[in-house]
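J.: Predicted coordinates and the sequence they were generated for:
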Amino acid sequence: MWIYFDNQLKQCRSQNNLPQKTSTQPPNTSEDKSILEQVMERGKLNCGVYGNLPGFSHVSKIDMTQGNFEEQKQENTSGFDVDICKAIAAAIFDNSEAVKYEYLSSEGRFKSKVDVLSRNTTWTVERDISYKDKDIEFGPIVFYDGQGILVRKNSEVASLNDLNDQTICVKKGTTSEENLVDEMKKRELRFEIKSLQSQNEVYKLYKQGECQAVTSDKSQLAGILKAQDNPNEHTILSETLSKEPLAPAVIDSDQQWVEIVRWVVFALIEAEELGINQNNLEEMKDSKDPKIRRFLGLEKQEKNIGSLLGLEPDYTQRIIRHVGNYGEIYDRHFGPNYSTPIERGLNKLWNKGGLIYSPPFR
């Protein structure tokens, strides 16, 4: 994903007296433009998503009798991760639909040329510091998850220990695969790990009985559980194998762009905490509360939050108007009306018993 920005990275390293990295990439014709300038000139945000994970990013069924399959795919992509992309586009263009989605595999997500990666990606130290020589900066955590195990109810499996000498399927190139190996060593267990290239392969083998269990993030398992022929015959174990903080990621050579993505996500969170949503936005603009007025860009000041980011003063209003706040996004894709509801748990606001928290907007 990030190898196309080597010239920007060199400029950043030079300004900060950091050692230069060599590159064999061809010159970038837009090397003198910031990422924000490139996005605005293009008229669309290039956003990397999965596209095959209900709840996070999913493409609805396409009418094969109609043409323009790629256009249909773009128009019918939805989910929690997708709405993060839409929020960024809304902040920049006042249009949440100004997004081009790139559908990326687990292994390909760090190789594609996108402006932001919003693809249920776990923030780890290796990825943050230097992931395979790519310079990545993670945005705020948008979803606190944990690795779980999906099994058949009649298997009488109650924990990972009960899967000793059995076969577990997992998607290749994920933290789930690495965590499973760690648990096997730590617990001194012996089971066969089948690492497969695609999610479809994983669940095909599970359905055929070649795997006694599947492991992945619990949120993913919840979405997949609903897709099973007989979902009531399967269960997700209560045991949690890992911490999986999911966050969007960007190139770290453009500090302005890092901050834009960061404060768009924080705007979603702060809006929920302040009680501002799509339905009451116009009413809230009449508030006398300085915090609300400052957040919405209504206070007369030489440098408001939007201008400091290189955006319009009303960038937070744009986000709420088109996409809503964090709670609205969560409920839209994981709430009670979602096919497989996921309790907010750790994803509640900090003052409601969760971990979702925004720094002050001042």
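T.: Looks like it came in fine.
J.: can you list the weak-confidence ranges in this structure?
T.: Applying pLDDT under 70 to the chain flags residues 1-31, 130-134, 302, 339-340.
J.: After the longest helix anywhere in it, which helix or strand is next?
T.: Secondary structure assigned by DSSP state H gives helix 255-274 as the longest helix of the chain. Following helix 255-274 in sequence order, the next helix or strand is helix 281-284 (DSSP states H and E).
J.: buried ones in that following helix?
T.: Neighbour counts over helix 281-284 (16 or more other C-beta atoms under 10 Å) mark Leu281, Met284 as buried. C-betas here are computed from N, CA, C, even on glycine.
J.: centre of the chain versus the following helix or strand past it, how much separation?
T.: Next in sequence after helix 281-284, counting helices and strands by DSSP H and E, comes helix 290-295. Distance of helix 290-295 from the chain centroid (C-alpha atoms, centre = their mean, to the nearest Å) equals 28 Å.
J.: Now do the same for Cys169: helix, strand or coil?
T.: Here Cys169 is recorded as strand under DSSP: H, G, I helix; E, B strand; the rest coil.
J.: I'd like the distance between it and Gly55.
T.: As judged by C-beta to C-beta, to the nearest Å, Cys169 and Gly55 stand 20 Å apart.
J.: and the two? which has more neighbours close in?
T.: Set Cys169 next to Gly55 and count neighbours by other C-beta atoms under 10 Å: Gly55 wins out with 26 against 23.
J.: who's in contact with the more buried one?
T.: For Gly55, the contact set (C-beta atoms under 8 Å, 6 or more residues apart in numbering) comprises Gly79, Phe80, Ser219, Ala222, Gly223, His333, Phe334, Tyr338, Thr340, Ile342.
J.: How about the longest helix of the chain, which residues are buried there?
T.: By 16+ other C-beta under 10 Å, the buried positions in helix 255-274 come out as 257-258, 260-274.
J.: again, but for stretch 291-309
T.: Ile292, Arg293, Arg294, Phe295, Leu296, Gly297, Leu298, Asn304, Ile305, Gly306, Leu309.
J.: Kindly reformat those as JSON lines containing distance to Gln212.
T.: As requested, those are exported to JSON lines (distance: C-beta to C-beta, whole Å):
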{"residue": "Ile292", "distance to Gln212": "53"}
{"residue": "Arg293", "distance to Gln212": "58"}
{"residue": "Arg294", "distance to Gln212": "55"}
{"residue": "Phe295", "distance to Gln212": "51"}
{"residue": "Leu296", "distance to Gln212": "53"}
{"residue": "Gly297", "distance to Gln212": "55"}
{"residue": "Leu298", "distance to Gln212": "58"}
{"residue": "Asn304", "distance to Gln212": "57"}
{"residue": "Ile305", "distance to Gln212": "52"}
{"residue": "Gly306", "distance to Gln212": "53"}
{"residue": "Leu309", "distance to Gln212": "50"}
